[in-house]
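Asks: what follows is a predicted structure for the sequence shown.
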Amino acid sequence: MWSGPKLVFAKGDGTDPGLAANQDRLTATVWLTRGSSQGLYNVARESAFTHSVSPADTEWATGTTASYQTLNYSDWEAWARGLGKPPATVGVNAVLHLKTDDIYVDIKFLSWSQRPASGDGFSYERSTASPAAASLSFVPGWNLVGNSVEATLTVASLFGDPTKVDSVWKWLPGSSNWAFYAPAQSDAGVAYATSKGYGFLSAVAPGEGFWVKAVAAFSVPLPTGLAVQSSSFKPALSSPATPGGTHALPSGWSLIAVGDSPSAAQFDAAIATVLASAPAAGKVYTNLTTLWAWDATLQKWYFWAPALVNSGGLAAHLTSKGYLDFSTLANSSGGTLPAATGYWVNMP
C-alpha cells in the first residue's frame with residue numbers, strides 16, 4: 001500500500017502519449033497515459049485503449065486505501081461509467097490497484113478534458129511509495145543481506161569497524177566477478193582485490209545484495225529511501241524492444257534485495273515481461289530459474305524453483321538436499337521476502 005506524499009500528474013491537451021513526460025510511470029509494469037481518443041491505457045503493455053481492459057494490469061474502485069480490502073474493483077471504464085462518465089470521476093476518492101505489483105494507490109482525478117471541445121488531457125493526484133526503514137543485522141560468520149531501499153549504501157561508513165567486520169563482498173553480474181572490502185587492511189583491501197582480480201567495494205547500489213563476514217554480532221541502519229519494488233527487476237527485451245526495470249536482471253546469477261515484501265511467487269510474477277505467458281490455474285510464473293536465501297544462524301540455504309512448484313516436486317527436492325522452505329524464511333510474514341535480506345536469483 002502506497003501512503004507516501006501526494007504527487008500530481010498532468011497530461012496536457014494534444015500532447016504525445018508516446019513521450020515519457022506524458023506517461024505516469026508508477027512501476028516498471030504500469031505507465032498510465034491517454035491518447036487522442038477514448039480513455040486511459042497502460043503504455044507499458046498496450047499501444048492504445050481497449051474497452052473493458054485498459055489500462056491493462058490495473059483495477060479501480062471508489063474509496064480509499066484505508067478500506068482497500070472491502071472495495072469493489074473493476075476495470076477503469078466500468079468504474080468511470082459507474083459514476084456517470086469519465087468527467088464525473090473528478091473529485092472522487094478512488095483506489096488504483098496495480099495487479100502484478102499488488103500495490104494499492106490512493107488516487108483522485110483533478111481534471112478530465114472532453115473531446116472534441118477541450119481535448120484529451122487529464123490530471124490527478126495520487127499517493128506515492130512510502131519511505132522504507134530497515135536495519136541490517138549480523139551474527140558472527142557469513143551473512144547474506146541486501147540494500148532494499150532506493151539509496152546508495154556507503155560501505156566504509158557502515159562496515160569500517162574491524163572489531164565487527166572481517167570483510168564485505170558484492171557480486172558483479174556484468175563481469176561475473178566479486179568486489180571486496182576489508183576494514184582491517186591498511187588500504188581497506190585495495191591491494192588484495194587487485195591481486196585477485198576483484199573490484200574494490202566502496203558502495204552498494206539500491207537493490208543489490210551482498211555478503212558480510214562478521215566478527216561479532218551487530219546491527220546498522222539502512223539509508224532512508226523508498227522501498228525497492230520487485231517490478232523494478234523486470235528484464236529488458238531485445239525483440240520486441242522493451243525497456244526493463246530500473247534494476248533489470250540480466251541472464252545468469254544476480255545478488256539482489258527487495259523492499260516490498262513479496263512472496264517468492266509474487267516476485268516471479270512481478271518480473272514477467274510482455275512475452276511471459278500467464279500461468280494456468282494453480283500454477284506459478286516461470287520467469288526465473290531458481291531463488292536462494294541464506295540463514296546465517298542455521299547455516300543453511302532457502303531454495304525455491306517455479307518449475308518444481310508446478311511439477312509438484314519442490315517439497316521432495318528440499319528434503320533430499322536439506323534446503324529450507326521459503327515459507328519458513330526468517331523475519332518473514334507468511335513466507336514473504338523480508339527487506340534487508342539478500343537473494344541469489346538465477347535467470348534463464
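Replies: Alright, I've got the coordinates. Numbering: from 1, shown residues only.
Asks: okay, CA-based contacts and neighbour counts for the rest of this
Replies: Will do.
Asks: chain center to the longest strand seen in the chain, what's the gap?
Replies: In the chain, assigned by DSSP state E, the strand with the most residues is strand 103-112. Its chain's C-alpha centre and that of strand 103-112 lie 21 Å apart, by Cα atoms, centre = their mean, to the nearest Å.
Asks: which elements pack onto it?
Replies: Where contact means 3 or more Cα pairs under 8 Å, 6 or more residues apart in numbering; DSSP states H and E, strand 103-112 is packed against strand 94-98, strand 122-128.
Asks: return the most buried member of the ones you listed.
Replies: Comparing the helices and strands packed on strand 103-112 by mean neighbour count (mean count of other Cα atoms under 10 Å), strand 94-98 ranks first with a mean of 23.
Asks: quick revisit: weakest of the helices and strands packed on strand 103-112 by average pLDDT?
Replies: Set side by side, the helices and strands packed on strand 103-112 give their lowest mean pLDDT on strand 122-128, at a mean of 93.
Asks: packing partners of it?
Replies: strand 4-11, strand 103-112.
Asks: who does it pair up with?
Replies: strand 4-11 (antiparallel), strand 103-112 (antiparallel) (DSSP bridges).
Asks: dump those into TSV; add mean neighbour count as well.
Replies: Shown next, in TSV, are the strands paired with strand 122-128 (neighbours: other Cα atoms under 10 Å):
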stretch	mean neighbour count
strand 4-11	15
strand 103-112	22
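Asks: pipe these into CSV and attach mean pLDDT and distance to Thr58 per row.
Replies: Formatted as CSV, those follow (pLDDT from 0 to 100; distance: least, Cα to Cα, whole Å):
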stretch, mean pLDDT, distance to Thr58
strand 4-11, 89, 17
strand 103-112, 95, 10
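Asks: including distance to Asn346, could these go into a markdown table?
Replies: Listed next are the strands paired with strand 122-128 as a markdown table, based on distance: least, Cα to Cα, whole Å:
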| stretch | distance to Asn346 |
| --- | --- |
| strand 4-11 | 32 |
| strand 103-112 | 25 |
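Asks: thought Thr289 was touching Leu308?
Replies: No. Between Thr289 and Leu308 there is no contact under Cα atoms under 8 Å: 9.7 Å.
Asks: tell me the mean pLDDT for the helix or strand harbouring Ala191?
Replies: Using DSSP states H and E, Ala191 maps to helix 190-196. Confidence over helix 190-196 (mean pLDDT, whole number) is 97.
Asks: now do the buried residues in that helix.
Replies: Val190, Tyr192, Ala193 (16 or more other Cα atoms under 10 Å).
Asks: one more: stretch 47-55?
Replies: Ala48, Phe49, Val53, Ser54, Pro55.
Asks: farthest pair within the residues you listed?
Replies: With distances taken as Cα to Cα, the most widely separated pair in those is Ala48 and Val53, at 10.7 Å.
Asks: on that earlier part again, turn the buried residues of stretch 47-55 into TSV, including distance to Pro262.
Replies: What follows is the buried residues of stretch 47-55, written out as TSV (distance: Cα to Cα, whole Å):
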residue	distance to Pro262
Ala48	30
Phe49	30
Val53	25
Ser54	25
Pro55	23
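Asks: thinking again about what came up before, need the helices and strands packed on strand 103-112 in TSV with distance to Asp268, can you?
Replies: Rendered in TSV, the data for those read as follows (distance: least, Cα to Cα, whole Å):
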stretch	distance to Asp268
strand 94-98	15
strand 122-128	23
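Asks: quick one: closest of those strands to Gly14.
Replies: Using Cα to Cα, those put strand 122-128 closest to Gly14, at 10.7 Å.
Asks: next, the angle from that closest one to strand 94-98.
Replies: 70 degrees (axes from the mean of the first three to the mean of the last three Cα atoms, to 10 degrees).
Asks: touching strand 122-128 from outside, list them.
Replies: 2-13, 34, 105-113 (Cα atoms under 8 Å, 6 or more residues apart in numbering).
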